[in-house]
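Asks: Give me a model of this one.
(chains A and B)
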Number of protein chains: 2
Amino acid sequence: MDSDYLIIRAAKKQPIERTPVWVMRQAGRYLPEYRATRAKAGDFLALCKNPDLAAEVTLQPIDRFGLDAAILFSDILTPLEGMGIKLSFNPAPVIHNPLRAAADIAALRLPDPDDNVPYVGQILDILVPELRERVPVIGFAGAPFTLACYAVEGGGSKLFSKTKALFFEQPALAHQLMEKLTAMTTRYLNYQIAHGVKMVQLFDTWAGILCPDDYQEFVFPYVRQIFAGLDQPGKVPKIYYINGGHQHLSAMANTGCEVVGLDWVADLAQAKDLIGHKVALQGNLDPNVLFANPEVIRAKVKTILDKQGPASGHIFNLGHGIDKEVNPEHLKVMVEAVKEFSAR
Amino acid sequence: MDSDYLIIRAAKKQPIERTPVWVMRQAGRYLPEYRATRAKAGDFLALCKNPDLAAEVTLQPIDRFGLDAAILFSDILTPLEGMGIKLSFNPAPVIHNPLRAAADIAALRLPDPDDNVPYVGQILDILVPELRERVPVIGFAGAPFTLACYAVEGGGSKLFSKTKALFFEQPALAHQLMEKLTAMTTRYLNYQIAHGVKMVQLFDTWAGILCPDDYQEFVFPYVRQIFAGLDQPGKVPKIYYINGGHQHLSAMANTGCEVVGLDWVADLAQAKDLIGHKVALQGNLDPNVLFANPEVIRAKVKTILDKQGPASGHIFNLGHGIDKEVNPEHLKVMVEAVKEFSAR
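Replies: Here you go, the predicted structure:
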């Protein structure tokens, strides 16, 4: 049964025999086998759209490390293409027709996922049966504000000045954009659920650039709406992650998610005191710890596990995506330390 | 009397007639008059070391906007030169002999400020008498961890992986480095106090990349030590600023500073609830708000002032340095809004 998966039980604070562990960006450039498969596909976007090869890279870290969940191989920006946004990666994302005016936002389409991202359904149709006896597949999407940041700015940014200028100067237009992205994202996650994902993570990577007032106005209502609009309520736990989102912790716990994903600068014990009665927690090893030696990695893993203690309700992860320069053997040390130190 | 300065009274929570305001990086590239003076000096480092021109750019925003404090024109990295670190700007800082091994750290000298940074004393000797009847001059220094980040990494970084590897793998060596930087910084700030600064700000820009445990181990004791080691205790208020330091707010208030500098993602009302009984607060308008129109700027200023209410103990500032693309007229709107809305 789906609810027998270790990670699902941890998300629901049900009894567990040890702490489950997976890693953001676990199928990625730090793995030589990933680099080999990507070379076969061509570039990153071609890999995302090649179901066989995308499924292959998804499975690589599961086979190598014995992680407790696979995560759909894709990028948060790919579903924007069907809305009319022109996207490429080199390797940073570039949006060739950034949204700047009311007409740009009015022109955004609300695509059917079967037309927009058929490869996502096809990847899941390979992965879910393949992994059924082992681990669940986590689906994911970018949260609307984070998608808006890229779409307005035209790519990544340090300050997201254009995005903020639009949100601060034309709030009604910003809300229109958020509504469209929310509708698309809800539909996209439900499509993934229909194709068998057993858990979803909503990545709100850039919501940390906002103060709490702006978060309440522009972000919170839409995240709540997405979570409330997902199919199979209670069966498919929802993880909500913000990078640099310490100022939003209480709000995050009120979005309707079952799990709050912590970045690495949060303190798990403090977060547990603050919101642990409402939600499970995911995280939160500093990704940079994986550049240190195995002894340090083991000690830092233990410190985090000790903050949680024996209670269920914790999914071990890094506090951010794994860096492409990490030695895979160091990740192995981390995964084995989680399993060893958390055994009940 | 020094204690009559509006900003000093606000820092000490004494009665004020309105909220004082200054801006991080207020003497900077967004001002055409600054760009003209810098062109005369040559490059940025040459400007820092030219007392007449450095004093000139310090005064420009005071004259233009009627700000309530001047801040020494310099860079947090310049005092590292006398320790043996080779520095240039192009325009981002580059350190040509980054600290990587025990021998590098052992070789660091503890210079006399009169030999190391004579131009800082000379700038202050021009500025302090010139401004005495108007506003105080704020001195500043980079906090030891932030200096260590640049010195180990060799410049700025997104992840500061090399710094973290050193701190995590060789903690004893990291503490040696922190001790040396702490001694240098204490001496440097006392030198500025001797030359007449009436307030100091310690910039711990990068301490936000650490989790609270690592902050307690590697940062907090040294910041406390610096503040405890400053001359004229009680007379020269100390501001302590971290960018992205929401997770450290309680610790910041325990460093011995009189004022905690908030970044723009903190909520002033929440920070006041948490630490307002111990310290005054500085901040915290989102620097990006200055890209919006005057109406938005005024509304956002008012929101922040309303969070503080009529009590003293607030210094208005941005939550981070002003961006070089900002229209100076927009900063004028901000300063005038602070003065108008905060009048008692």
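Asks: so where do the strands sit in chain A?
Replies: Chain-ordered strands for chain A, with DSSP state E as the definition, fall at A:70-71, A:87-89, A:93-95, A:137-142, A:199-203, A:238-241, A:259-261, A:280-285, A:314-318.
Asks: closest one to chain B among those strands?
Replies: Chain B sits nearest to strand A:280-285 of all the strands of chain A, at 7.7 Å, using C-beta to the nearest C-beta. The way it works is simple: take the backbone N, C-alpha and C, and place the C-beta from them, glycine included.
Asks: what pairs with that closest one, and is each one parallel or antiparallel?
Replies: Applying DSSP bridges, strand A:280-285 is found paired with strand A:259-261 (parallel), strand A:314-318 (parallel).
Asks: Can you get me a residue count around residue A:6?
Replies: Burial measure for residue A:6: 19 neighbouring residues, criterion other C-beta atoms under 10 Å in any protein chain shown.
Asks: any idea how far it is from chain B?
Replies: Per C-beta to the nearest C-beta, to the nearest Å, residue A:6 is found 26 Å from chain B.
Asks: try residue A:39
Replies: As defined by C-beta to the nearest C-beta, residue A:39 lies at a distance of 25 Å from chain B.
Asks: show me what contacts the residue nearest to residue A:177 when sequence neighbours are not counted?
Replies: Nearest in space to residue A:177, with sequence neighbours left out and distances taken as C-beta to C-beta, 6 or more residues apart in numbering or on different chains, is residue A:105 at 4.9 Å. Applying C-beta atoms under 8 Å, 6 or more residues apart in numbering or on different chains, we find residue A:105 in contact with A:99, A:173, A:176-177, A:180.
Asks: State the distance from residue A:105 to residue A:216.
Replies: Separation of residue A:105 from residue A:216 (C-beta to C-beta, to the nearest Å) stands at 22 Å.
Asks: Could you pull out the helices in the stretch 151-300 of chain A for me?
Replies: Counting by DSSP state H, counting those that start in this stretch, the stretch 151-300 of chain A has these helices, from start to end: A:161-169, A:171-194, A:212-218, A:220-228, A:249-253, A:268-275, A:294-308.
Asks: Deepest in the core, which of those helices is it.
Replies: Mean neighbour counts were taken over these using mean count of other C-beta atoms under 10 Å in any protein chain shown, and the top value, a mean of 21, falls to helix A:161-169.
Asks: Check the gap between residue A:16 and chain B for me.
Replies: Distance, residue A:16 to chain B, by C-beta to the nearest C-beta: 24 Å.
Asks: That residue contacts residue A:5, correct?
Replies: No: contact status for residue A:16 versus residue A:5: not in contact, 10.3 Å apart, counting by C-beta atoms under 8 Å.
Asks: For those two, indicate the residue with more neighbours.
Replies: For residue A:16 against residue A:5, the residue with the higher neighbour count under other C-beta under 10 Å is residue A:16, and the figures read 21 against 18.
Asks: need the contact list for that one.
Replies: A:6, A:9-10, A:312, A:344.
Asks: Can you select the buried ones from these in PyMOL?
Replies: Per 16 or more other C-beta atoms under 10 Å in any protein chain shown, the buried members of the contacts of residue A:16 correspond to this PyMOL selection:
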select buried, chain A and resi 6+9+10+312
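Asks: I'd like the list of the contacts of residue A:16 that fall within helices, please.
Replies: Mapping the contacts of residue A:16 onto helices (DSSP state H) picks out A:6, A:9-10.
Asks: Near chain B, which residues of the stretch 151-300 of chain A? Just list them.
Replies: Applying the criterion C-beta under 8 Å from any C-beta of the partner chain, the portion of the stretch 151-300 of chain A that neighbours chain B consists of A:159-161, A:164-165, A:168-169, A:208-214, A:244, A:246-247, A:264-267, A:270, A:284, A:286-289, A:291-293, A:296, A:300.
Asks: Look up how far residue A:161 lies from the residue with the largest distance to the centre of chain A.
Replies: Relative to the mean C-alpha coordinate of chain A, counting by C-alpha atoms, centre = their mean, the farthest residue is residue A:103 (30.3 Å). Distance of residue A:103 to residue A:161, given as C-beta to C-beta: 21 Å.
Asks: now swap in residue A:57 and tell me
Replies: Separation of residue A:57 from residue A:161 (C-beta to C-beta) stands at 35 Å.
Asks: wait, which of the contacts of residue A:16 is closest to residue B:143?
Replies: residue A:10 (38.4 Å; C-beta to C-beta).
Asks: Give me the local confidence score for the closest one.
Replies: On pLDDT, residue A:10 comes in at 98.
Asks: Does it touch residue A:314 like I think?
Replies: Yes: counting by C-beta under 8 Å, residue A:10 sits close enough to residue A:314 to count as a contact (6.4 Å).
Asks: Could you pull out the residues contacting both of those two?
Replies: The overlap between the contact sets of residue A:10 and residue A:314 (C-beta under 8 Å, 6+ apart) consists of A:19, A:280.
Asks: how many other residues sit next to the spatially closest residue to residue A:319 that is not a sequence neighbour?
Replies: Distances taken as C-beta to C-beta, 6+ apart place residue A:264 nearest to residue A:319, at 2.7 Å, with adjacent residues excluded. As a burial measure, residue A:264 scores 22 neighbours (other C-beta under 10 Å).
Asks: residues in contact with residue A:264?
Replies: Counted by C-beta under 8 Å, 6+ apart, residue A:264 has contacts A:283-287, A:318-320, B:211.
Asks: contacting residues for residue A:166?
Replies: Going by C-beta under 8 Å, 6+ apart, residue A:166 touches A:99-100, A:152, A:173-174, A:177.
Asks: Hmm, residue A:167 and residue A:214 touching each other?
Replies: Yes: Residue A:214 is in contact with residue A:167 according to C-beta under 8 Å; the separation is 7.3 Å.
Asks: Residue B:331 is nearest to which of the strands paired with strand A:280-285?
Replies: strand A:259-261 (37.1 Å).
Asks: Helices along the stretch 1-150 of chain A, start to end?
Replies: For the stretch 1-150 of chain A, the helices identified by DSSP H, counting those that start in this stretch occupy A:6-11, A:32-41, A:44-48, A:51-65, A:102-106, A:113-116, A:118-131, A:144-153, in order along the chain.
Asks: C-alpha coordinates for the fourth one, PDB please?
Replies: Coordinates of the C-alpha atoms in helix A:51-65 are reproduced here as PDB (Å, rounded to 0.1, in the frame of the first residue of the first chain):
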ATOM      1  CA  PRO A  51      11.200   9.900 -21.200                       C
ATOM      2  CA  ASP A  52      13.500   6.900 -21.300                       C
ATOM      3  CA  LEU A  53      16.700   8.900 -20.500                       C
ATOM      4  CA  ALA A  54      14.900  11.100 -17.900                       C
ATOM      5  CA  ALA A  55      13.700   7.900 -16.200                       C
ATOM      6  CA  GLU A  56      17.200   6.500 -16.300                       C
ATOM      7  CA  VAL A  57      18.700   9.500 -14.500                       C
ATOM      8  CA  THR A  58      15.900   9.500 -12.000                       C
ATOM      9  CA  LEU A  59      16.800   5.900 -11.000                       C
ATOM     10  CA  GLN A  60      20.600   6.400 -10.800                       C
ATOM     11  CA  PRO A  61      20.800   7.900  -7.300                       C
ATOM     12  CA  ILE A  62      18.200   5.400  -6.000                       C
ATOM     13  CA  ASP A  63      20.300   2.500  -7.200                       C
ATOM     14  CA  ARG A  64      23.600   4.000  -6.000                       C
ATOM     15  CA  PHE A  65      22.600   5.300  -2.600                       C
END
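Asks: Fine by me, we can end here.
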